[in-house]
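[1] One predicted model, sequence on top.
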Amino acid sequence: MAATFDGGVILGADSRTSTGDYIANRVTDKITPLSDSVYICRSGSAADTQNMSRYISWFLEQHEMDLGEGPRVETAAKLAQSMAYQNKNHLQAGLIVAGWDRVAGGSVFAIPLGGTIVNTPFSIGGSGSAYITGLCDRLWKANMTEEECKAFVIKAVSHAMARDGSSGGCIRTVIITKDGVKRDFLPHNRIPITHGELPHPEPQSDSEVARFGIVTVSDRASAGVYEDASGPAILGFFHDAISTRWEAEYRCVPDDQPTIEATLKELVDQARCSLVVTTGGTGPSPRDVTPEATASVCQRMMPGYGEQMRAVSLRHVPTAVLSRQTAGLRGKALILNLPGKPKAIRETIDEVFASIPACIRLLGGPDIRTDDSVVKAFRMPDASLPPREGR
């Protein structure tokens, strides 16, 4: 869905992609950038809408070069509408185009199946929208503040997720104003409970919940030029592999060493993550500075992890020798550099994760259990473990 507020727009979406009764992807990013200040929220056929988004983005890039400035939201919406209408017998695409431009400010355009286009203050779409029509009509009000509008979007999306079996996972939001774009991520255990749902189970103590940090390091992904696929790949692994309670904090930052260092410190020192996993920025190019940032914030290095990941990757590609992945310890947290591509991430983390729960326990962190069918983690004898303490 998308909604306007006084000063911009907010897009929100769940993350479940299903094929009939089968959930094909639990962490899909359904909000795709078309330009720096225009995004599209996709529902229907994932293949159709992903490819439409690529075409629209390409056309807008050409238009922006001709224009000398960013495209209007209405222009992007009419491109999407034209493509949907001309191919209405072949596409299953429900689209919402929203963003900010200097002419109209924040605006939302709904493009449902068939290719109609409607300029509206807010719009809902997808299979869950049928369950929240009345709720949105009751809660919507014009000229909301940014905070009020974000609360409205999260409440509506969480309600749809609770009622619709094809909706679920986490909630992603994108806030677009004249000052830029802010992306946010709400994990499943922080999504508001709606009437009739069982509450999230509460842990007996705060120390029983493992906290993970995921950091995508990419100039273009952090600027919204393309959709980050690497961070969701790591999140997908955590969903598949870890059987005990956990929470995740996600960040997407540019290839800038001070920014990376500040993010790593924040995740360990303030968010209290026991494991922080980075992806990207480990190659030999001048902008690849993730290993330097990692070494700068760590008190002790763990070079064995980098050696193991390179050995794993060398079985697949000869260019693995160019990777400078490393790992280190900051306080009681392990910081680990992973490759940048989703395929390489899964190849390496499937093997390297076997020793990570033992490392975290030796540091006095939470007991992380895994699904042995995904990764069989080495378990430390209790007698060899240090006493548990707060960070």
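    Perfect, I can see it now. This is a predicted model, so every value here is computed, not measured. Residues are numbered from 1 along each chain as shown.

[2] Centroid-nearest residue for the protein?
    Geometric centre of the chain, nearest residue: P232, 5.3 Å, by Cα atoms, centre = their mean.

[3] quick one, phi/psi of I96?
    phi -130, psi 120 (degrees, to the nearest 10).

[4] what's the closest non-adjacent residue to it?
    With Cβ to Cβ, 6 or more residues apart in numbering as the criterion, I96 has its nearest non-adjacent residue at 4.1 Å, and that residue is C41. Yep, even glycine has a C-beta here, placed from its N, CA and C like the rest.

[5] Next SSE downstream of the helix or strand encompassing A293?
    Assigned by DSSP states H and E, A293 belongs to helix 290-297. As assigned by DSSP H and E, the chain's next helix or strand after helix 290-297 is strand 300-301.

[6] List the contacts of that following strand.
    Strand 300-301 is touched from outside by A295, T326, A327, G328, L329, with contacts defined as Cβ atoms under 8 Å, 6 or more residues apart in numbering.

[7] Tell me how far the closest residue to the third one other than its chain neighbours lies from L329.
    Nearest-residue entry for A327: Y305, 3.8 Å, with adjacent residues in sequence omitted and distances by Cβ to Cβ, 6+ apart. According to Cβ to Cβ, to the nearest Å, Y305 and L329 sit 11 Å apart.

[8] In terms of packing, which of the two has more residues around it?
    For Y305 and L329, the more surrounded residue by other Cβ atoms under 10 Å is Y305, and the numbers stand at 23 against 16.

[9] Sketch out the low-pLDDT regions of the stretch 201-350 of the chain for me.
    201-207 (pLDDT under 70).

[10] Which parts of it are helices?
    Taking DSSP state H, counting those that start in this stretch as the criterion, the stretch 201-350 of the chain carries its helices at 219-222, 230-241, 257-265, 290-297, 303-314, 342-352.

[11] Quick one, which of those gets closest to I96.
    helix 230-241 (20.5 Å; Cβ to Cβ).

[12] Mind listing what's buried along that closest one?
    Going by neighbour count (16 or more other Cβ atoms under 10 Å), the buried part of helix 230-241 is S230, G231, P232, A233, I234, L235, G236, F237, F238, H239, A241.

[13] I'd like to know how many residues surround the residue lying closest to the fourth one once chain neighbours are set aside.
    Spatial nearest neighbour of A233, excluding adjacent residues (Cβ to Cβ, 6+ apart): P342 at 3.8 Å. For P342, the tally of surrounding residues (other Cβ under 10 Å) stands at 18.

[14] G231 is in contact with P342, correct?
    No: at 9.5 Å, P342 does not count as touching G231 under the criterion of Cβ atoms under 8 Å.

[15] returning to what we had before: quick one, what contacts the residue nearest to A233?
    P342 is in contact with A229, S230, P232, A233, counting by Cβ under 8 Å, 6+ apart.

[16] Domain map for the chain?
    The chain breaks down into these domains under automatic domain parsing: 2-190, 206-384.

[17] Make TSV from the contacts of P342 and add distance to Q299 to it.
    Output for the contacts of P342, formatted as TSV (distance: Cβ to Cβ, whole Å):
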residue	distance to Q299
A229	32
S230	27
P232	30
A233	29
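
[18] re earlier: and the residue nearest to the centre of the chain, how far from G196?
    Taken as Cβ to Cβ, the span from P232 to G196 is 29 Å.

[19] number of nearby residues for V375?
    If you count neighbours by other Cβ under 10 Å, V375 ends up with 19.

[20] what do you get for L362?
    Around L362 there are 14 residues (other Cβ under 10 Å).

[21] ok, now which ones touch P232?
    Neighbours of P232 in contact, by Cβ under 8 Å, 6+ apart: V27, T28, D29, P342.
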